[in-house]
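*Asks:* Pasted the sequence and its predicted model underneath.
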Amino acid sequence: MTIKLTKKEAQYFYVEDSDIHGKGLFACTVIKVGTYLGDYEGPETNDNGMHVLWTEKEDGEWIGRDGKNALRYLNHNTSPCAEFDGYELYAVEEIEMHQEITIDYGEEP
C-alpha cells in the first residue's frame, strides 16, 4: 500500500513499515531541533480511536482530532524526537535521515 503525501509532507517524511508498530513516519532528510513539521489535520471528534490526538484547551476541556494526514503514522516512544504544541508538531532533537519520528503518547496511549 502506497501512502500519498502532500508536497510539503514529502519534504520531511515518508511512511514505511515500523519496528515499533504497523506503519511509521520516517525522516527523508536531517531535521534540526525546533523545526516545525506540520499540523495534525483532521476533523474534531469526541470519540477515541486509533488516530485521534487529544489536546487540552485552556479551559481544561479535552478535544480530539481524528488524523487524516501523514502525522497519523507517528508512533509512541518514551524518548521521542518530536512533540506537539497543540496540533503543531516540532522536532525536539535532531532527527537523522531514515530515523523514525516518534512522540510520547503520554500516560494513557
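*Replies:* That came through, no problem.

*Asks:* ok, what's across the strand from the residue nearest to residue 21 when sequence neighbours are not counted?
*Replies:* The spatially closest residue to residue 21, leaving aside those adjacent along the chain, is residue 75, at 5.2 Å (Cβ to Cβ, 6 or more residues apart in numbering). From N, CA and C alone the C-beta is placed, and that goes for glycine too. Beta-bridge pairing of residue 75 under DSSP bridges involves residue 102.

*Asks:* now residue 64
*Replies:* Bridge pairing for residue 64 - DSSP bridges - gives residue 45, residue 54.

*Asks:* Could you pull up the contacting residues of it?
*Replies:* 44, 45, 46, 47, 48, 49, 52, 53, 54 (Cβ atoms under 8 Å, 6 or more residues apart in numbering).

*Asks:* Kindly recompute the last result at 6 Å.
*Replies:* Contacts were defined as Cβ atoms under 6 Å, 6 or more residues apart in numbering; by that measure residue 64 touches 45, 52, 54.

*Asks:* Among those, which one has the most neighbours?
*Replies:* Neighbours here mean other Cβ atoms under 10 Å. Within the contacts of residue 64, the largest count is held by residue 52, at 18 neighbours.

*Asks:* pLDDT value on residue 109, please?
*Replies:* We have a pLDDT of 42 for residue 109.

*Asks:* Then residue 18?
*Replies:* 94.

*Asks:* since we're on it, how many residues are nearby?
*Replies:* Neighbour tally, residue 18, other Cβ under 10 Å: 16.

*Asks:* Apart from its chain neighbours, what residue comes closest to it?
*Replies:* Residue 18 sits nearest to residue 24 (Cβ to Cβ, 6+ apart), 3.0 Å away.

*Asks:* Alpha carbons only: can I get the one helix or strand the one you found maps to in CSV?
*Replies:* If you go by DSSP states H and E, residue 24 is part of strand 23-27. Taking C-alpha atoms only, strand 23-27 is exported to CSV below (Å, rounded to 0.1, in the frame of the first residue of the first chain):
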residue,chain,number,x,y,z
LYS,A,23,3.4,1.8,9.8
GLY,A,24,5.6,4.7,11.0
LEU,A,25,6.7,8.1,9.9
PHE,A,26,10.4,8.4,8.9
ALA,A,27,12.6,11.4,8.1
